[in-house]
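**Student:** have a look at this fold, sequence not included:
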């Protein structure tokens with residue numbers, strides 16, 4: 001099976017970088033992700049990444065409880081830059097050229113986000129990691145992923161999580177939870193399925209960008225997703241719900 005997608009946006013949660021730790025970054029997990037991304041890049045796929053920051057700083061329901069929402073969101077954006085730089089280092093340690101671009105300027109450690117420059121990096125085979133979210137409070141990194149995917153003309157958003165797709169209820173609490181193979185944007189929104197937040201889903205719908213949700217912990221899943229193998233759940237404009 002050949003490569004299905006040529007330019008992809010990979011969304012990683014901050015929690016995904018924790019592995020089994022209670023806090024912070026598990027170096028083994030980061031190295032494993034870097035190896036998978038490197039394998040994909042070696043096949044000529046252009047890869048952009050948006051990473052969250054929940055492993056370092058949780059939002060208003062966590063460490064920021066009682067804090068001004070905008071202030072908490074800005075702190076969370078800075079946490080995403082820490083994760084982005086960690087991923088950059090892991091990728092460059094194995095020879096993958098990588099650039100971090102941030103929505104909040106911090107030129108001593110990263111480039112400012114410039115759309116045309118990001119696209120040019122991708123065309124040259126560099127991985128581009130977008131840090132600091134969208135640069136605006138009240139927007140999630142899921143929304144950032146959808147926004148950046150639309151801006152760089154990505155063909156798909158890969159939402160890498162700790163579960164193997166989208167379920168009709170929490171599979172950790174309900175052993176009879178049903179996993180969907182295909183969903184429409186409309187069904188996700190009307191059923192309030194927790195794929196990504198509503199703004200992110202609407203952005204992907206408006207720009208006809210499919211979303212593939214899969215389990216990051218399964219070795220090789222990033223490559224399988226790029227090659228179009230049926231893993232996880234795919235959300236797109238028109239399909240039969242299954």
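**Tutor:** All right, it came through fine. Model, not experiment: these values are computed from the prediction. Numbering: from 1, shown residues only.
**Student:** hang on, residue 178 packs against residue 166?
**Tutor:** No - counting by CB atoms under 8 Å, residue 178 stays clear of residue 166, with 9.7 Å between them. Yep, even glycine has a C-beta here, placed from its N, CA and C like the rest.
**Student:** backbone dihedrals for residue 182, please?
**Tutor:** When read as degrees, to the nearest 10, the backbone of residue 182 gives phi -140, psi 140.
**Student:** the longest helix in the protein is where?
**Tutor:** In the chain, taking DSSP state H as the definition, the longest helix is helix 69-93.
**Student:** just checking, what packs against whichever helix or strand comes after that one?
**Tutor:** For helix 69-93, the following helix or strand on the C-terminal side (DSSP states H and E) is strand 98-102. Using 3 or more CB pairs under 8 Å, 6 or more residues apart in numbering; DSSP states H and E, the elements in contact with strand 98-102 are helix 69-93, strand 111-112, helix 115-123, strand 127-131.
**Student:** residue 178 and residue 166: which is more packed in?
**Tutor:** residue 166 (25 against 10; other CB atoms under 10 Å).
**Student:** pull the distance from the helix or strand that residue 144 is a member of to the chain's centre.
**Tutor:** Of the helices and strands defined by DSSP H and E, residue 144 is found in helix 141-151. Relative to the centre of its chain, helix 141-151 is centred 9 Å away, using CA atoms, centre = their mean, to the nearest Å.
**Student:** over to stretch 20-33?
**Tutor:** Centre to centre, stretch against its chain (CA atoms, centre = their mean), the figure for stretch 20-33 is 16 Å.
**Student:** cool, and stretch 16-27?
**Tutor:** The chain centre lies 16 Å from the centre of stretch 16-27; the measure is CA atoms, centre = their mean.
**Student:** and the contacts of that stretch?
**Tutor:** 28-30, 33, 51, 55-56, 83, 86, 90, 160-162, 216 (CB atoms under 8 Å, 6 or more residues apart in numbering).
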